[in-house]
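**Q** when you get a sec, could you give me coordinates for this:
(one chain, ligands or ions: 2)
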Amino acid sequence: MREPGSVELFEREPSLGAIDSALAEGRVGGGTALLIEGPAGIGKTALLEEAQGRAHGFVALRAGGGEFERELPLGVVRQLFEPALWRATDRQRERWLRGASEIAGSVLASILGSRC
Ligand SMILES: Nc1ncnc2c1ncn2[C@@H]1O[C@H](COP(=O)(O)OP(=O)(O)O)[C@@H](O)[C@H]1O
Ligand SMILES: [Mg+2]
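**A** Ligands and ions are numbered 1, 2, ... in the order given. The predicted structure follows:
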């Protein structure tokens, strides 16, 4: 992985504008999703890394899906949350897995063992 924001991107102003808008919405408590698609080498990863570089104040979680991992249950969920949950304090973990997200605890418990 390159350092986020380390590559100067050419001709991506509309995409960067959409990323900035999504981040601005997130800063005021909104939620949004962006879909970045295109053929190999077009710059999807570079754009994601630029987005991560611009996401000051956010926690950025990353995961990638591969066709050989299709048989692995909840592979992307594990990639996204396992590292963060491992690093979290007991107090943080308890707070994150409360309420609507409580149901995820039963899945993640098998990953985290006694930590969850
Ligand atoms: N808009 C851009 N301006 C400059 N370099 C770019 C741009 N988009 C991609 N690149 C460069 O092209 C290469 C391939 O981009 P990458 O993000 O890996 O493509 P993808 O993830 O779509 O396969 C990388 O070296 C990346 O830094
Ligand atoms: Mg890529």
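**Q** which residues sit in contact with the residue in the chain that ligand 1 sits nearest to?
**A** For the chain and ligand 1, the shortest gap (Cβ to the nearest ligand atom) falls at G43, measuring 2.5 Å. Heads up, the C-betas are built off the backbone N, CA and C, glycines and all. When contacts are counted by Cβ atoms under 8 Å, 6 or more residues apart in numbering, G43 touches L9, R12.
**Q** now the helices for the chain?
**A** Using DSSP state H, the helices of the chain run over 13-27, 44-54, 75-87, 90-96, 102-112.
**Q** got those as CSV, with mean neighbour count columns?
**A** CSV is the format used below for these (neighbours: other Cβ atoms under 10 Å):
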stretch, mean neighbour count
helix 13-27, 14
helix 44-54, 18
helix 75-87, 15
helix 90-96, 13
helix 102-112, 14
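**Q** now do the same for the residue of the chain closest to ligand 1: its pLDDT.
**A** We note a pLDDT of 96 for G43 in this prediction.
**Q** any chance of the helices of the chain in JSON lines, plus distance to G38?
**A** Below are the helices of the chain laid out as JSON lines (distance: least, Cβ to Cβ, whole Å):
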{"stretch": "helix 13-27", "distance to G38": "10"}
{"stretch": "helix 44-54", "distance to G38": "6"}
{"stretch": "helix 75-87", "distance to G38": "20"}
{"stretch": "helix 90-96", "distance to G38": "33"}
{"stretch": "helix 102-112", "distance to G38": "31"}
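**Q** cool, thanks, signing off.
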